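Participant: Build the 3D model from these lines:
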Amino acid sequence: MEAFKRWVGAGFGSGYSPKAPGTVGSLFALIPVYFVLQVSPVYGIIILVIITSILTLWTSSACESAWGKDPGTMVMDEFAGQSLAFVSISLTPELTTNFIILIGGFVLFRFFDILKPLGIYQVQKAGGGWGILLDDIIAGFYAFLCLKTLIFIVPNFF
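Facilitator: Residues are numbered from 1 along each chain as shown. Sure thing, here's the model as predicted:
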């Protein structure tokens, strides 16, 4: 069961990337995000955030036992934060526009997740599953605010 928890915590294996596992995990998270956005950009994404948050909390102790405190291999928290960046973001019939929206949300989320400005770093110090999760949730919320603002200000680009 512990091996299964680590695999889930590693974003179904995406966190095993030897380089930039958080970035790879965030990219991998765009796959379910894209399909959920096709069905329900509000409730579906909220459910995805809740499920990935629960999975983060469920797998965090097994991942920390195996890989140390807040391990980079554990990327399920990236799934939760990356998903939150897209709450109520509607996709269009145009694939190019959807790609721009997804990449925009990805870049914004990674910006906030890596640099950890505006109090994100302090939240990460909480430790355990909550510390692992909450910094990504806040980064996802900041990315959501920025993405929504960009879509409003430059609607022809998105």
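Participant: the bottom helix or strand of the protein by mean pLDDT?
Facilitator: One helix or strand of the chain scores below all others by mean pLDDT, DSSP states H and E: helix 120-124, with a mean of 79.
Participant: Where do the strands of the chain begin and end?
Facilitator: Using DSSP state E, no strands are found in the chain.
Participant: and residue 90, what does it touch?
Facilitator: For residue 90, the set of contacting residues under the criterion of CB atoms under 8 Å, 6 or more residues apart in numbering consists of 37, 41. Quick note: C-beta positions are derived from backbone N, CA and C, even for glycine.
Participant: give me the low-pLDDT residue ranges for the chain?
Facilitator: Across the chain, no stretch falls below the confidence threshold (pLDDT under 70).
Participant: Isn't residue 144 up against residue 87?
Facilitator: Yes. The pair residue 144 / residue 87 is scored as a contact, 5.8 Å apart, by CB atoms under 8 Å.
Participant: which one of those two has more residues nearby?
Facilitator: Neighbour totals were compared for residue 144 and residue 87, and residue 144 leads with 23 against 20 (other CB atoms under 10 Å).
Participant: Hmm, residue 63 and residue 74 touching each other?
Facilitator: Yes. Under the criterion of CB under 8 Å, residue 74 makes contact with residue 63 at 4.1 Å.
Participant: what do the two both touch?
Facilitator: Overlap between the neighbourhoods of residue 74 and residue 63 consists of 9-10, taking contacts as CB under 8 Å, 6+ apart.
Participant: which residues of this structure fall in helices?
Facilitator: Assigned helices in the chain, in chain order: 2-9, 21-39, 43-67, 76-84, 95-115, 120-124, 128-153 (criterion: DSSP state H).
Participant: JSON lines please, covering those and showing distance to residue 15.
Facilitator: Output for the helices of the chain, formatted as JSON lines (distance: least, CB to CB, whole Å):
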{"stretch": "helix 2-9", "distance to residue 15": "7"}
{"stretch": "helix 21-39", "distance to residue 15": "5"}
{"stretch": "helix 43-67", "distance to residue 15": "9"}
{"stretch": "helix 76-84", "distance to residue 15": "8"}
{"stretch": "helix 95-115", "distance to residue 15": "14"}
{"stretch": "helix 120-124", "distance to residue 15": "17"}
{"stretch": "helix 128-153", "distance to residue 15": "12"}
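Participant: Deepest-packed of those helices, please.
Facilitator: helix 76-84 (a mean of 30; mean count of other CB atoms under 10 Å).
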